[in-house]
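>>> heads up, no residue letters with this:
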(Lines give C-alpha, C1' and ligand atoms only; values in the text may rest on other atoms or scores of the structure.)
Protein backbone atom coordinates (compact mmCIF):
# COMPACT_ATOMS: atom_id res chain seq x y z
CA UNK A 1 0.00 0.00 0.00
CA UNK A 2 2.80 2.36 0.96
CA UNK A 3 4.64 1.56 -2.27
CA UNK A 4 1.48 2.28 -4.31
CA UNK A 5 0.98 5.67 -2.61
CA UNK A 6 4.65 6.49 -3.13
CA UNK A 7 4.42 5.70 -6.84
CA UNK A 8 1.25 7.78 -7.25
CA UNK A 9 2.91 10.71 -5.49
CA UNK A 10 6.08 10.39 -7.58
CA UNK A 11 4.28 10.17 -10.94
CA UNK A 12 2.01 13.09 -9.99
CA UNK A 13 5.04 15.22 -9.14
CA UNK A 14 6.76 14.35 -12.43
CA UNK A 15 3.65 15.09 -14.50
CA UNK A 16 3.12 18.44 -12.72
CA UNK A 17 6.76 19.44 -13.32
CA UNK A 18 6.61 18.53 -17.01
CA UNK A 19 3.43 20.54 -17.53
CA UNK A 20 4.86 23.55 -15.72
CA UNK A 21 8.06 23.50 -17.77
CA UNK A 22 6.51 22.72 -21.16
CA UNK A 23 3.58 25.14 -21.02
CA UNK A 24 4.00 28.10 -18.70
CA UNK A 25 0.78 29.73 -19.85
CA UNK A 26 -1.23 27.09 -17.97
CA UNK A 27 -0.11 28.78 -14.77
CA UNK A 28 0.28 32.30 -16.22
CA UNK A 29 -0.55 35.43 -14.26
CA UNK A 30 -3.22 37.56 -15.94
CA UNK A 31 -2.19 41.23 -15.91
CA UNK A 32 -3.65 44.30 -17.63
CA UNK A 33 -0.91 46.72 -18.66
CA UNK A 34 -1.74 50.36 -19.24
CA UNK A 35 0.56 52.54 -21.32
CA UNK A 36 0.56 56.24 -22.11
CA UNK A 37 1.07 57.71 -25.58
CA UNK A 38 4.79 58.49 -25.39
CA UNK A 39 6.62 57.66 -28.61
CA UNK A 40 9.04 56.08 -29.23
CA UNK A 41 8.74 54.20 -25.93
CA UNK A 42 5.06 53.18 -26.14
CA UNK A 43 2.21 54.38 -28.31
CA UNK A 44 -0.67 53.24 -30.52
CA UNK A 45 0.42 52.93 -34.17
CA UNK A 46 -1.51 53.68 -37.36
CA UNK A 47 -3.00 50.17 -37.26
CA UNK A 48 -4.36 50.96 -33.78
CA UNK A 49 -2.02 48.45 -32.18
CA UNK A 50 0.35 48.90 -29.21
CA UNK A 51 3.84 49.79 -30.45
CA UNK A 52 7.15 51.17 -29.24
CA UNK A 53 10.59 50.07 -28.12
CA UNK A 54 9.70 49.60 -24.46
CA UNK A 55 6.33 48.07 -25.21
CA UNK A 56 8.00 45.35 -27.30
CA UNK A 57 10.57 44.84 -24.55
CA UNK A 58 7.79 44.53 -21.97
CA UNK A 59 5.99 41.92 -24.09
CA UNK A 60 9.21 39.92 -24.27
CA UNK A 61 9.72 40.18 -20.51
CA UNK A 62 6.15 39.14 -19.72
CA UNK A 63 6.25 36.16 -22.06
CA UNK A 64 9.51 35.03 -20.45
CA UNK A 65 7.95 35.41 -16.99
CA UNK A 66 4.87 33.39 -18.01
CA UNK A 67 2.43 36.32 -17.72
CA UNK A 68 -0.58 36.68 -20.01
CA UNK A 69 -1.13 40.42 -20.61
CA UNK A 70 -3.57 42.80 -22.25
CA UNK A 71 -2.17 46.19 -23.31
CA UNK A 72 -4.41 49.26 -23.16
CA UNK A 73 -3.64 52.92 -23.95
CA UNK A 74 -4.66 55.14 -21.02
CA UNK A 75 -4.02 58.71 -19.82
CA UNK A 76 -1.37 58.91 -17.10
CA UNK A 77 -3.83 60.12 -14.45
CA UNK A 78 -6.10 57.14 -15.09
CA UNK A 79 -3.12 54.76 -14.85
CA UNK A 80 -2.14 56.18 -11.47
CA UNK A 81 -5.75 56.01 -10.25
CA UNK A 82 -6.01 52.36 -11.36
CA UNK A 83 -2.73 51.48 -9.64
CA UNK A 84 -4.03 52.95 -6.39
CA UNK A 85 -7.36 51.15 -6.80
CA UNK A 86 -5.57 47.78 -7.04
CA UNK A 87 -6.14 44.56 -8.92
CA UNK A 88 -3.94 42.73 -11.48
CA UNK A 89 -2.71 45.94 -13.11
CA UNK A 90 0.66 47.31 -14.24
CA UNK A 91 2.14 49.99 -16.46
CA UNK A 92 5.34 50.54 -18.45
CA UNK A 93 8.30 52.86 -18.13
CA UNK A 94 7.68 54.79 -14.93
CA UNK A 95 10.33 56.55 -12.87
CA UNK A 96 10.66 55.28 -9.32
CA UNK A 97 9.76 57.96 -6.75
CA UNK A 98 9.14 57.78 -2.97
CA UNK A 99 5.56 59.00 -3.47
CA UNK A 100 4.75 56.22 -5.94
CA UNK A 101 6.35 53.57 -3.76
CA UNK A 102 3.69 54.32 -1.13
CA UNK A 103 0.93 52.84 -3.33
CA UNK A 104 2.74 50.73 -5.95
CA UNK A 105 5.51 48.19 -6.51
CA UNK A 106 8.35 48.46 -9.04
CA UNK A 107 10.36 46.04 -11.14
CA UNK A 108 14.07 46.23 -11.73
CA UNK A 109 14.99 48.90 -14.32
CA UNK A 110 14.11 47.97 -17.90
CA UNK A 111 15.69 51.03 -19.56
CA UNK A 112 17.89 54.03 -18.77
CA UNK A 113 17.27 57.34 -20.51
CA UNK A 114 19.96 59.60 -21.86
CA UNK A 115 20.08 62.86 -19.83
CA UNK A 116 17.11 65.17 -20.30
CA UNK A 117 17.63 68.05 -22.75
CA UNK A 118 16.06 71.50 -22.97
CA UNK A 119 14.20 71.89 -26.29
CA UNK A 120 13.85 75.47 -27.59
CA UNK A 121 12.64 77.31 -30.63
CA UNK A 122 15.77 77.92 -32.70
CA UNK A 123 15.13 81.66 -32.76
CA UNK A 124 15.52 81.74 -28.94
CA UNK A 125 18.89 79.99 -28.85
CA UNK A 126 20.94 83.09 -28.11
CA UNK A 127 18.90 84.30 -25.13
CA UNK A 128 18.97 80.83 -23.51
CA UNK A 129 22.69 80.22 -24.11
CA UNK A 130 23.70 82.23 -21.03
CA UNK A 131 22.11 79.67 -18.67
CA UNK A 132 24.40 76.75 -17.84
CA UNK A 133 22.11 74.86 -15.48
CA UNK A 134 18.43 74.00 -15.36
CA UNK A 135 18.21 75.57 -11.92
CA UNK A 136 19.38 78.91 -13.33
CA UNK A 137 16.81 78.66 -16.09
CA UNK A 138 13.90 77.79 -13.78
CA UNK A 139 14.70 80.78 -11.57
CA UNK A 140 13.89 83.14 -14.45
CA UNK A 141 10.30 84.28 -13.98
CA UNK A 142 10.00 85.24 -17.65
CA UNK A 143 10.30 81.66 -18.96
CA UNK A 144 7.81 78.83 -18.62
CA UNK A 145 7.95 75.16 -19.55
CA UNK A 146 5.17 72.61 -19.96
CA UNK A 147 4.75 69.27 -18.18
CA UNK A 148 2.33 66.37 -18.49
CA UNK A 149 0.28 66.17 -15.28
CA UNK A 150 1.21 63.09 -13.25
CA UNK A 151 4.57 62.60 -14.97
CA UNK A 152 7.86 62.54 -13.09
CA UNK A 153 11.00 63.97 -14.63
CA UNK A 154 13.21 62.15 -12.13
CA UNK A 155 14.21 63.06 -8.57
CA UNK A 156 16.47 66.04 -9.25
CA UNK A 157 14.26 67.76 -11.85
CA UNK A 158 11.11 67.09 -9.79
CA UNK A 159 12.87 68.75 -6.83
CA UNK A 160 13.74 71.83 -8.91
CA UNK A 161 10.18 72.11 -10.23
CA UNK A 162 8.83 71.91 -6.69
CA UNK A 163 11.15 74.79 -5.75
CA UNK A 164 10.02 76.86 -8.76
CA UNK A 165 6.29 76.14 -9.34
CA UNK A 166 5.91 79.39 -11.27
CA UNK A 167 8.18 77.98 -13.98
CA UNK A 168 5.85 75.36 -15.43
CA UNK A 169 2.38 74.79 -16.76
CA UNK A 170 0.89 71.28 -16.22
CA UNK A 171 -1.54 69.82 -18.72
CA UNK A 172 -3.34 66.56 -19.35
CA UNK A 173 -2.02 65.59 -22.75
CA UNK A 174 0.96 64.22 -24.65
CA UNK A 175 4.53 65.23 -25.36
CA UNK A 176 3.47 65.97 -28.94
CA UNK A 177 1.12 68.61 -27.53
CA UNK A 178 3.98 70.10 -25.52
CA UNK A 179 6.09 70.47 -28.66
CA UNK A 180 3.12 72.04 -30.45
CA UNK A 181 2.74 74.53 -27.57
CA UNK A 182 6.44 75.33 -27.88
CA UNK A 183 6.16 75.85 -31.63
CA UNK A 184 3.07 78.07 -31.12
CA UNK A 185 4.94 80.15 -28.48
CA UNK A 186 2.58 79.18 -25.65
CA UNK A 187 5.56 77.91 -23.62
CA UNK A 188 9.26 78.76 -23.86
CA UNK A 189 10.98 75.36 -23.60
CA UNK A 190 10.39 71.64 -23.07
CA UNK A 191 12.25 69.06 -20.99
CA UNK A 192 12.58 65.86 -23.01
CA UNK A 193 14.89 62.89 -23.52
CA UNK A 194 16.84 62.92 -26.83
CA UNK A 195 15.05 59.87 -28.24
CA UNK A 196 11.66 61.50 -27.56
CA UNK A 197 12.70 64.69 -29.36
CA UNK A 198 13.84 62.80 -32.46
CA UNK A 199 10.64 60.72 -32.68
CA UNK A 200 8.25 63.62 -32.07
CA UNK A 201 9.87 65.86 -34.69
CA UNK A 202 9.99 63.01 -37.20
CA UNK A 203 6.23 62.39 -36.79
CA UNK A 204 5.28 66.08 -36.76
CA UNK A 205 4.79 68.70 -39.50
CA UNK A 206 7.72 70.68 -38.08
CA UNK A 207 11.26 70.71 -39.39
CA UNK A 208 14.27 69.74 -37.33
CA UNK A 209 15.81 73.19 -37.81
CA UNK A 210 12.72 74.82 -36.25
CA UNK A 211 14.18 73.78 -32.88
CA UNK A 212 17.39 73.77 -30.92
CA UNK A 213 18.22 71.57 -27.96
CA UNK A 214 20.82 72.11 -25.28
CA UNK A 215 22.24 70.06 -22.43
CA UNK A 216 22.44 71.47 -18.91
CA UNK A 217 25.46 71.12 -16.64
CA UNK A 218 23.37 69.95 -13.69
CA UNK A 219 21.63 67.13 -15.61
CA UNK A 220 24.41 64.59 -16.09
CA UNK A 221 22.56 61.29 -15.69
CA UNK A 222 19.48 59.79 -17.28
CA UNK A 223 16.58 58.28 -15.35
CA UNK A 224 15.84 54.57 -15.14
CA UNK A 225 12.42 53.39 -16.28
CA UNK A 226 10.60 50.54 -14.55
CA UNK A 227 7.46 48.47 -14.75
CA UNK A 228 5.06 49.63 -12.04
CA UNK A 229 2.47 47.36 -10.39
CA UNK A 230 -0.49 47.74 -8.09
CA UNK A 231 0.08 46.46 -4.55
CA UNK A 232 -2.22 43.53 -5.37
CA UNK A 233 0.28 42.01 -7.82
CA UNK A 234 2.12 39.37 -5.80
CA UNK A 235 5.79 39.54 -4.91
CA UNK A 236 6.15 36.08 -6.46
CA UNK A 237 4.92 37.40 -9.82
CA UNK A 238 7.24 40.42 -9.64
CA UNK A 239 10.15 38.09 -8.77
CA UNK A 240 9.47 36.08 -11.95
CA UNK A 241 9.34 39.31 -13.95
CA UNK A 242 12.59 40.55 -12.40
CA UNK A 243 14.25 37.23 -13.26
CA UNK A 244 13.08 37.65 -16.88
CA UNK A 245 14.45 41.23 -16.97
CA UNK A 246 17.83 40.02 -15.71
CA UNK A 247 17.97 37.14 -18.21
CA UNK A 248 17.08 39.35 -21.18
CA UNK A 249 19.57 42.03 -20.13
CA UNK A 250 22.30 39.37 -19.82
CA UNK A 251 21.45 37.92 -23.25
CA UNK A 252 21.52 41.42 -24.77
CA UNK A 253 24.95 42.11 -23.28
CA UNK A 254 26.24 38.78 -24.60
CA UNK A 255 24.99 39.55 -28.11
CA UNK A 256 26.80 42.90 -28.05
CA UNK A 257 30.07 41.21 -27.22
CA UNK A 258 29.41 38.64 -29.95
CA UNK A 259 29.00 41.43 -32.51
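Received it, and whenever you're ready, just let me know what you need. All values reported here derive from a predicted model rather than from experimental measurement. Numbering: from 1, shown residues only.

>>> gap between residue 181 and residue 130?
Distance of residue 181 to residue 130, computed by C-beta to C-beta, to the nearest Å: 24 Å. The C-beta positions use only the backbone N, C-alpha and C, and glycine is treated the same way.

>>> and the two? Which one has more around it.
Neighbours were counted for residue 181 and for residue 130 using other C-beta atoms under 10 Å; residue 181 has more, 19 against 8.

>>> that one belongs to a strand?
No - read with DSSP: H, G, I helix; E, B strand; the rest coil, residue 181 is helix and lies in no strand.

>>> can I assume it is in contact with residue 175?
No - with contact defined as C-beta atoms under 8 Å, residue 181 does not reach residue 175; the gap is 10.4 Å.

>>> what lines up beside the longest strand seen in the chain in the sheet?
For the chain, the strand that runs over the most residues, judged by DSSP state E, is strand 104-112. In the sheet, strand 104-112 lines up against strand 224-230 (antiparallel) (DSSP bridges).

>>> who touches the following helix or strand past the strand it pairs with?
Following strand 224-230 in sequence order, the next helix or strand is helix 235-258 (DSSP states H and E). Under the criterion C-beta atoms under 8 Å, 6 or more residues apart in numbering, residues 29, 31, 57, 60-62, 64-67, 105, 107-110, 227, 229 lie in contact with helix 235-258.

>>> residue 144 against residue 190, yeah?
No - between residue 144 and residue 190 there is no contact under C-beta under 8 Å: 10.8 Å.

>>> which of those two has more neighbours?
A count of neighbours by other C-beta under 10 Å puts residue 190 above the other of residue 144 and residue 190, at 23 against 16.

>>> show me what that one is bridged to.
Judged by DSSP bridges, the bridge partners of residue 190 are residue 119.

>>> quick check: it vs residue 71, distance?
Distance from residue 190 to residue 71, by C-beta to C-beta: 27 Å.

>>> do residue 141 as well
Distance, residue 141 to residue 71, using C-beta to C-beta: 42 Å.

>>> those two - which one has more neighbours?
residue 71 (19 against 9).
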